[in-house]
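mind folding the following:
(2 chains)
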Amino acid sequence: MRFLISILLLCGLFGLNACTEKSDELAIGEFGSLTGNEATFGQSTNKGIRLALEEANLAGGIKGKKLKLITYDNQGKPDEAASVVKRLITQDKVLAIIGEVASSRSLAAAPIAQQYKVPMISPSSTSPKVTAAGNYIFRVCFIDPFQGKVMAKFMTENLKLKKVAILRDVKNEYSVGLADVFAKEAVAKGAEVLADLSYQAGDIDFKAQLTQIKSKNPEAIFIPGYYTEVGLITYQARQLGIKGVFLGGDGWDSNDLERNSKKAVNGSYYSNHYSTESTDPKVQEFIQKYKAKFSEVPDAMAALGYDSAKILFAAMERASEMKPEQIRNELAKTQDFSGVTGNITIDADRNAIKSAVIVQVEGDARKFIANIAP
Amino acid sequence: MQDITQHLINGLSLGSIYALIALGYTMVYGVLQLINFAHSDIYMMGAFASYYVSRWFHLEDNPGIASLSLALIASMTACALLGVAIERLAYRPLRGAPKLNILITAIGVSLFLEFSGQLIFGADPKVFPSLIEDVPLIDTEFVVLKSLEVTVFVITLLALGILHYLVYKTKFGKSMRAISHNMTTASILGINVNKVIVITFMVGSALAGVGSVLVGLKYPKIEPLMGVMIGLKAFVAAVLGGIGNMTGAVIGALLMGLSEEFVVAYLSSTLRDALAFGLLIGILIWKPSGLFGKNSIEKV
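Numbers count the residues shown, from 1 in each chain, chains lettered A, B, ... in the order given. Next up is the predicted model:
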């Protein structure tokens, strides 16, 4: 029995490989967390990319060649991300790679893409370290220092709250980066950080930290984590009777957020890449098309996946040759690209310069509150 | 200092859940001298059983004691059956084999369950339904005690009470204790060893089933690997109390819950797991038989 299964598996592997050998198609690689704790991140990004790819292929592909997407699941694990990216480059010979959402996984993959000189575009990793990995690594979203500043500004100036507690995911690059910048900016704007506590992704019990936070009685609690833990944290916080406002970053953006928190997260604010309430016809058109194809409202990860693919396709269209190096050079020249998540310009550090929005959670809806420019 | 009361409540509540799982380890060890590593995954399967039953019957729409009982029964039944199946298929054929073989089999069964769980249920976390209304019973500025917390505690006490009765007041309990004392003698005296072992597995697994529903209520996120960490912690708690000793397991688990709570609150969350395994190492060095364990001399 085991023998049979292994034979079948082997056949499957070779079968897949055989498919990727066609040369009249342009292979684009994608790696993402299609399963695991942040499964909606990977799934949404993947849907956004597929939508962009479908549009490009319908319009005749790039320079007469059809595009082809090869997607691998990294199960939300950095080491898995590194190994699938290596596979995309060495076995599937992709021209460019799109991924990941989580900074820790982008960071695991970036050195490999850089080593093999294949351009990698992260749709939504906000840690500054990601693009510092080398000149082949790009991103189409803003970075943590900006996001942290935006939330600190919003809290002190719009909400006029001065007493804040921070609960950060201590093993997560993104969360720590965001928490540090937020704390610094908040203090600079006259707020007081009453408590700065930590948790680790995968924990399910946060009552110890939350009890500590409750005893300090803050007006706001900044939780720069991912939606799975944020759901549990906000749920347990309300159980303990914490009344402050919850604030967060784009790691909250998932259609599962409210369900995970059993409604506790309603009324909270977080910074995001785009708002579905935007009146921009381009955004509305994207939402319509996405809804028609996947029958759900696209979250920010989907929008960024879509934009990153569009930017990549535009660069490929401009490139003189279909080689990773030429595509990289064209990517670096991206100027004022009008995307769903705003106007995107790639700066000298290969980061995107664009504005952020603040949204408020109201069930499955995200109410647009403010737009904060860089 | 008011928050200390809240920390005590949190810690005891966490500890009581560890206790339910730790008892399964300790009972099986008592009769078979086997560390059943698959126990934590039986617990996971229980959570999923009650999750699907709750969804099937739309239990979330009318939360209350009835819904909770139904979920508990579903989870306990599923766990008990799974426990029996594992004993029958994986452990019994190896009854005469060296201890190490059974131990490795246990690890194999554990991995098998974890990864079949990922295959069947998917690796992404699911949200456990609210089966009972959560109203505050005590809601002062310092201490908040919610009905959910109390329910968890009451169910734990109830389960422990029933277990105590079963082990110390019934004929089955007597045979179980006899087997744990000496299996060969017990079987010479006419005790049906296999039957008692099967029932022990059923009871231990059913307790894990109770634990899984309670965890689902308290921390509504379930996933196929949810048993790994909590199982290890419960195992450490069982060793802390003296593996094979049921009172020890409960006290070890409560100590574990409390110390975790205070470490996270006053030191750092990164030390949470370090504490658990630090405790294990400490116990193994200074008091290998645990707090309540008997020091038995190995006969050569």
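
going forward, measure contacts and count neighbours with C-alpha atoms only.
Will do.

list the contacts of the residue in the stretch 101-250 of chain B that chain A sits nearest to.
Scanning the stretch 101-250 of chain B for proximity to chain A using Cα to the nearest Cα identifies B:Asp124 as nearest, at 4.4 Å. By Cα atoms under 8 Å, 6 or more residues apart in numbering or on different chains, the residues touching B:Asp124 are A:Thr35, A:Gly36, A:Asn37, A:Glu38, A:Ala39, B:Glu223.

please redo it, this time with the cut-off set to 7 Å
Applying Cα atoms under 7 Å, 6 or more residues apart in numbering or on different chains to B:Asp124 gives the contacts A:Thr35, A:Gly36, A:Asn37, A:Ala39, B:Glu223.

can you list the residues of the stretch 51-200 of chain B near chain A?
With Cα under 7 Å from any Cα of the partner chain as the criterion, the stretch 51-200 of chain B comes near chain A at residues B:Ala123, B:Asp124, B:Pro125, B:Val127, B:Val144.

ok, and the closest non-adjacent residue to A:Asp307?
Excluding the flanking residues, the one nearest A:Asp307 by Cα to Cα, 6 or more residues apart in numbering or on different chains is A:Gly339, at 5.7 Å.

that neighbour: neighbour count?
Counted with other Cα atoms under 10 Å in any protein chain shown, the neighbours of A:Gly339 add up to 19.

hey, what's it bridged with?
Under DSSP bridges, the beta-bridge partners of A:Gly339 are A:Gly342.

for it, report the pLDDT, please.
Looking at A:Gly339, its pLDDT stands at 86.

tell me the spacing between it and B:Asn245.
Shown here: A:Gly339 relative to B:Asn245, a distance of 65 Å by Cα to Cα, to the nearest Å.

next: B:Ser175.
Distance of B:Ser175 to B:Asn245, given as Cα to Cα: 16 Å.

picking up where we left off before, among the contacts of B:Asp124, which one lies nearest to A:Val176?
Taking Cα to Cα as the measure, A:Val176 sits nearest to A:Asn37 out of those, at 18.4 Å.

what sits against the closest one?
A:Gly76, A:Thr228, B:Asp124, B:Pro125.

make sure the second one is indeed in a strand.
No. With DSSP: H, G, I helix; E, B strand; the rest coil as the criterion, A:Thr228 is helix rather than part of a strand.

hang on, isn't it packed against A:Arg259?
No. A:Thr228 is not in contact with A:Arg259 according to Cα atoms under 7 Å; the separation is 9.6 Å.

what segments of the stretch 51-200 of chain A are helices?
Counting by DSSP state H, counting those that start in this stretch, the segments of the stretch 51-200 of chain A that form helices are A:78-90, A:103-115, A:144-153, A:173-188.

want to throw the ones you listed into JSON lines with distance to A:Gln209 and mean pLDDT?
Listed next are the helices of the stretch 51-200 of chain A as JSON lines, based on distance: least, Cα to Cα, whole Å; pLDDT from 0 to 100:
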{"stretch": "helix A:78-90", "distance to A:Gln209": "27", "mean pLDDT": "92"}
{"stretch": "helix A:103-115", "distance to A:Gln209": "24", "mean pLDDT": "91"}
{"stretch": "helix A:144-153", "distance to A:Gln209": "22", "mean pLDDT": "88"}
{"stretch": "helix A:173-188", "distance to A:Gln209": "16", "mean pLDDT": "90"}
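
can I get those in CSV with mean neighbour count and distance to chain B?
Shown next, in CSV, are these (neighbours: other Cα atoms under 10 Å in any protein chain shown; distance: least, Cα to the nearest Cα, whole Å):
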stretch, mean neighbour count, distance to chain B
helix A:78-90, 19, 15
helix A:103-115, 22, 17
helix A:144-153, 24, 23
helix A:173-188, 21, 14
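
any chance of these in JSON lines, with distance to B:Val213 too?
Shown next, in JSON lines, are these (distance: least, Cα to Cα, whole Å):
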{"stretch": "helix A:78-90", "distance to B:Val213": "31"}
{"stretch": "helix A:103-115", "distance to B:Val213": "33"}
{"stretch": "helix A:144-153", "distance to B:Val213": "38"}
{"stretch": "helix A:173-188", "distance to B:Val213": "31"}
